[in-house]
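Participant: the amino acid sequence is not available; the structure is as follows:
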Ligand SMILES: Nc1nc2c(ncn2[C@@H]2O[C@@H]3COP(=O)(O)O[C@H]4[C@@H](O)[C@H](n5cnc6c(=O)[nH]c(N)nc65)O[C@@H]4COP(=O)(O)O[C@H]3[C@H]2O)c(=O)[nH]1
């Protein structure tokens, strides 16, 4: 229709032109022209397309009924009465100018989309073909527009474009197949996920992604769901073009045609490989030990809970082995953490080899491991495993160039005889482990009720100790040390006593290990520093110079701000540092020698003295002594008690005294209880002694009395 109108229009123009040129045949042509114009008018008037003509300024010269209808007017006349030109109809007020610019080359414009307003103000999109109108001399006089209401198509097209964009830009991969699963279309995300371009997959089937990961049953269930419900959702592991496996979360829908037959399948695919990997990582971090990759405490406890449920249901026994390495601290401190870590990794694999596949070996932290032995037939089966572990751990384990061995102490509890709750079973295996340690290490123990009583006792002591710290139930006793050949007293060891409100005087042997394990020793130690220094300063201010030895345990040495704390107490008590000696055992220093040596050096630099307590009982060789910044060696009383009869004790004591003298260290013998011991020590020129033979530890009053009884003004010289 549009073409027909345009052809006619062109023809009329041609005739008009011919008319202008020629005077001959004018009448015939005029008739033909009128005819053609009539014909044109009829066609235009009855056209379903809107047609109008305007002058160059956009004023309407003619509007056909269809155009008036498109714009919501009753008829063309009505429209002409209300609207004079395009400016009142089109959204673009500059339309005449725009049209002139578009038609500058006199070529018609086709398919121009022009938004306009209907009579009632509603928007309408017109699709227009526009051409210029010339007069007989070829001069431009206006333009003619054939317009169609394109609003509905426009919105449909917009929708389709929008859907195409969604398809293209969706972050989910989309694959559309026909009913035979031949791929018809895939989007950009699909290509990014699978690494196949659209060209590579279109015409193929999704089998191109097949990884072999799933069995036939999996696909059978998928098709069953698709056929019955029209949809399937799940995880599929497929293979990318580069061969890599990937996990995707897939939703497949079947699309049916008007006859109810499946025409297409649409798969929407989410690559969840990285999500899966991070889930795996999170799971690994939450449930496995980072160093050894063994299950951690959380996972272990969970397995025990499961075992308890299963055990209760099926009347099964299971065992828990609590393992603490005996010698690990030494390995760590002497060879460094890196070797220590590697050793722990080796121990972990070694432990795994000692149990069955279904058993769980976990690391609780540090050098503590724990094993769940599932389905025990007999308690003794747990003992067999424990023995096997000990045998393996005593043998050497190669780490780098070192051949290391560490015994272990193992505690065993058995479900249900030792408890049917997680807490009880773990606590009891732990108590049994302590027992194995206390009774000589490198062995295993089953839990007994007697151990339970001891564990309860430890707990009670810890609770009471906390109260004791709060209420300052402690006292310092002082045990004088005797300088041979010197009558007056110039030094003493400060020894802690606990005045328990119920049990009376409690000695360190009862509570020191609990204080150490619980860490309460740090608070108690602070009190000892303060009281010891205050006492030394007080006697000093009274003109009595007594050097006081204060014990410092390994745990205290590990305290990060030990030196600051000591210096604070020194300032607060106004004590002279040369009046204070710190006593440390060899083993406390050897727990982490480098750090300990640094601390001791700093303390000496501040004017304090250092004594090596219990010397001879630790692991260090005598030559190691050279490296330690100490002023004094205290020979352990276990060697003194053998004097003078026990040959080994004699040899050792002689050697320690001789070596210390050679190294310029002062020596003191602890635990001297009789004259024979004293005589022997005198012959060896051991200058100082301490022990019941001379004096027991004394309260402050008793100590001052003791000094007075020795009828000397207290010395003003140092020891
Ligand atoms: N059989 C016998 N024993 C003798 C004799 N002479 C002294 N003793 C005892 O031997 C222990 C010497 O202290 P230690 O070796 O430093 O051993 C101390 C020390 O390691 C620790 N300790 C005591 N007070 C403190 C303290 O304030 N802080 C820290 N960290 N540890 C302390 O507790 C341990 C035990 O202290 P005490 O029970 O006071 O026991 C004291 C003392 O009473 C003797 O001739 N024969």
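Facilitator: Everything's here; your move. Worth saying up front: this structure is predicted, and the values here are computed from it rather than measured.
Participant: state the mean pLDDT of stretch 519-529.
Facilitator: The average pLDDT within stretch 519-529 is 95.
Participant: how about residues contacting that stretch?
Facilitator: Residues outside stretch 519-529 that contact it (C-beta atoms under 8 Å, 6 or more residues apart in numbering) are 462, 465-466, 469, 472, 474, 476, 494, 496, 512, 514-515, 550-553, 555-556, 559, 565-566, 569. Heads up, the C-betas are built off the backbone N, CA and C, glycines and all.
Participant: what does stretch 322-336 give?
Facilitator: Stretch 322-336 is contacted by residues 339-340, 343-344, 347, 351, 366-371, 389, 393, 402, 404-413, 426, 429-430, 432-433, 437, 441-442, 590-594, 619 when judged by C-beta under 8 Å, 6+ apart.
Participant: cool, stretch 261-269 as well?
Facilitator: For stretch 261-269, the external contacting residues (C-beta under 8 Å, 6+ apart) are 172-179, 181, 184, 189-190, 193, 206, 226, 248-257.
Participant: ChimeraX command to pick out the buried ones of those?
Facilitator: Of the contacts of stretch 261-269, the buried ones can be selected in ChimeraX as follows, counting by 16 or more other C-beta atoms under 10 Å:
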select :172,173,174,175,176,177,189,190,193,206,226,248,249,250,252,254
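Participant: so which of the contacts of stretch 322-336 sit within helices?
Facilitator: 339-340, 343-344, 347, 351, 389, 393, 426, 429-430, 432-433, 437, 590-591, 593-594 (DSSP state H).
Participant: okay, residue 501: pLDDT?
Facilitator: Residue 501 is assigned 94 on the pLDDT scale.
Participant: and it, how far is that from the ligand?
Facilitator: For residue 501, the distance to the ligand equals 20 Å [C-beta to the nearest ligand atom, to the nearest Å].
Participant: how close does that residue get to residue 468?
Facilitator: Per C-beta to C-beta, to the nearest Å, residue 501 is found 9 Å from residue 468.
Participant: could you do residue 664 as well?
Facilitator: 41 Å.
Participant: residue 127 now?
Facilitator: Distance, residue 127 to residue 468, using C-beta to C-beta: 97 Å.
Participant: next, name the residue at the spatial heart of the protein.
Facilitator: The residue lying closest to the centre of the chain (C-alpha atoms, centre = their mean) is residue 285, at 6.0 Å.
Participant: so for residue 664 and residue 468, which sits in the more crowded spot?
Facilitator: Shown here are residue 664 and residue 468; by other C-beta atoms under 10 Å, residue 468 has more neighbours (23 against 7).
Participant: for the more buried one, list the residues it contacts.
Facilitator: Taking C-beta under 8 Å, 6+ apart as the test, what residue 468 contacts is 474, 498, 500.
Participant: what do you get if the cut-off is 10 Å, keeping everything else the same?
Facilitator: Contacts for residue 468 (C-beta atoms under 10 Å, 6 or more residues apart in numbering) come out as 461, 474, 498-501, 506, 511, 515, 520, 523-524, 527.
Participant: now render the residues you listed as a markdown table, adding secondary structure.
Facilitator: Formatted as a markdown table, the contacts of residue 468 follow (DSSP: H, G, I helix; E, B strand; the rest coil):
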| residue | secondary structure |
| --- | --- |
| 461 | helix |
| 474 | strand |
| 498 | strand |
| 499 | strand |
| 500 | strand |
| 501 | coil |
| 506 | strand |
| 511 | helix |
| 515 | helix |
| 520 | coil |
| 523 | helix |
| 524 | helix |
| 527 | helix |
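Participant: any idea which residue of the stretch 101-250 of the chain lies closest to the ligand?
Facilitator: The ligand sits closest to residue 247 of the stretch 101-250 of the chain, with a gap of 57.9 Å, by C-beta to the nearest ligand atom.
Participant: in the sheet, which residues pair with that residue? Tell me.
Facilitator: Bridge pairing for residue 247 (DSSP bridges) gives the partners residue 237.
Participant: give me the number of residues near it?
Facilitator: Counted with other C-beta under 10 Å, residue 247 comes out at 19.
Participant: do residue 313 as well
Facilitator: 8.
Participant: repeat for the one 5 residues further on
Facilitator: Taking other C-beta under 10 Å as the neighbour definition, residue 318 ends up with a count of 22.
Participant: now it, which residues is it bridged with?
Facilitator: Here residue 318, judged by DSSP bridges, has bridge partners residue 415.
Participant: in contact with it, which residues?
Facilitator: Residue 318 sits next to 303-304, 307-308, 310-311, 359, 372-376, 382, 413-416, 425 when contact means C-beta under 10 Å, 6+ apart.
Participant: ok, residue 69 next?
Facilitator: Remark: with contacts taken as C-beta under 10 Å, 6+ apart, residue 69 is in contact with 48, 50, 75, 76, 79, 149.
Participant: could you do residue 97 as well?
Facilitator: Contacts for residue 97 (C-beta under 10 Å, 6+ apart) come out as 56, 57, 58.
Participant: quick one: it from the ligand, how far?
Facilitator: Residue 97 sits 100 Å away from the ligand, taking C-beta to the nearest ligand atom as the criterion.
Participant: so how far is the one helix or strand that residue maps to off the chain centroid?
Facilitator: Element membership for residue 97 (DSSP states H and E) is helix 95-102. Between the centre of helix 95-102 and the centre of its chain there are 66 Å (C-alpha atoms, centre = their mean, to the nearest Å).
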